[in-house]
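> With the sequence up front, the predicted model follows.
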Amino acid sequence: FNGRHEEVPLEIASPRMTLKAGAGFHPVVVFRPQLSSLESVREMIRLAGGSTSRLAIQGVELRLELPSDPSYGWSLLAMYTGQSLELADCVLTVQNVDERHTQVAMIDVRARRPAETMTMTQPQPSMASPTRLSLDRCIARGAASVIGMNEETPLDVRWNQGLIVTPWYFVETGGST
C-alpha cells in the first residue's frame with residue numbers, strides 16, 4: 001500500500017521475518033497509542049521470537065505519534081540481547097510534541113530475559129551474544145534517543161549512509177550494576 005496506515009502495537013514472534021515495501025510503493029506505518037488503553041504496552045513493535053531472532057524491514061516508514069499527556073518509556077521498536085534488526089531505506093519518526101515524554105527511544109535494546117541467561121553465580125553481560133543493528137540508507141528523526149538501553153548489554157551497530165535529526169542522544173544507557 002501507499003501512504004499512511006494506522007496500526008496497533010504488535011509482537012513479532014517469528015524467528016526470521018522480512019517486511020518489504022513493493023516496488024514503487026511508500027508505506028507509512030503509524031502508531032498513535034493512547035495512555036488509557038495501553039498503559040502497559042509502551043513498545044510499538046516488539047521482537048519476541050527468541051534470542052537469535054532477526055527482523056528485516058526495507059523501504060518502510062515507521063512513525064510513532066505520542067499522546068498529548070506527558071508520560072515515559074515509549075519505543076518504536078523493542079528487542080532483546082542477541083536479536084538482530086536490519087533496516088534498509090527506512091525512516092524512523094517519533095513525534096514527541098514539546099518533548100512532553102521522557103525515556104523515549106526509536107530502538108529499545110533490553111538485556112536478555114532472565115530465563116535465557118546462563119547459570120552462573122555472576123553472569124557477565126560481555127559473554128552474551130551481541131544485539132545487532134544494521135541501518136542502510138535510513139533516516140531517524142524526532143525527539144527521542146535513537147537507541148535506548150536500560151542496562152548494559154553487548155551491542156553491534158552498523159550505520160551506512162544515514163541521517164539522524166534529534167535533540168536527544170544517539171545511544172542512551174543506564175549502565176550496569
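Received the coordinates, thanks.
> per-residue confidence at residue 102?
At residue 102, the model reports a pLDDT of 91.
> Name the nearest residue to it, sequence neighbours excluded.
Leaving aside its sequence neighbours, residue 102 sits nearest to residue 72 (Cβ to Cβ, 6 or more residues apart in numbering; 4.5 Å). C-beta here means a position set from N, CA and C on the backbone, and glycine is covered the same way.
> Over to residue 170?
Per Cβ to Cβ, 6+ apart, closest to residue 170 is residue 146, 5.0 Å.
> by contact count, what packs against the helix or strand harbouring that neighbour?
Residue 146 belongs to strand 145-149 when assigned by DSSP states H and E. Counting contacts by 3 or more Cβ pairs under 8 Å, 6 or more residues apart in numbering; DSSP states H and E, strand 145-149 is packed against strand 105-110, strand 155-160, strand 171-173.
> Name the strands paired with it and say parallel or antiparallel.
strand 105-110 (parallel), strand 171-173 (parallel) (DSSP bridges).
> thinking again about what came up before, what residues does the residue nearest to residue 102 make contact with?
Applying Cβ atoms under 8 Å, 6 or more residues apart in numbering to residue 72 gives the contacts 101, 102, 103, 104.
> Tabulate the CA atom coordinates of the strand holding residue 146 in PDB.
C-alpha atoms of strand 145-149 as PDB (Å, rounded to 0.1, in the frame of the first residue of the first chain):
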ATOM      1  CA  SER A 145      17.100   8.700  21.500                       C
ATOM      2  CA  VAL A 146      18.000   6.600  18.500                       C
ATOM      3  CA  ILE A 147      19.000   3.700  20.800                       C
ATOM      4  CA  GLY A 148      17.900   3.300  24.400                       C
ATOM      5  CA  MET A 149      19.300   0.700  26.800                       C
END
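> Could you tell me the average pLDDT over that strand, please?
Strand 145-149 carries an average pLDDT of 95.
> to the chain's geometric centre, what's the distance from it?
8 Å (Cα atoms, centre = their mean, to the nearest Å).
> residues making contact with that strand?
Strand 145-149 has contacts (Cβ under 8 Å, 6+ apart) with 75, 92, 103-110, 133, 140, 155, 157, 164, 166, 168-174.
> Just the buried ones out of those, please.
Neighbour-count burial (16 or more other Cβ atoms under 10 Å) applied to the contacts of strand 145-149 gives 75, 92, 103-110, 133, 140, 157, 166, 168, 172-173.
> Can you give me the neighbour number for the closest residue to residue 95 other than its chain neighbours?
Excluding its sequence neighbours, the residue lying closest to residue 95 (Cβ to Cβ, 6+ apart) is residue 65, at 4.5 Å. Using other Cβ atoms under 10 Å, residue 65 has 15 neighbouring residues.
> Appreciated, that's everything.
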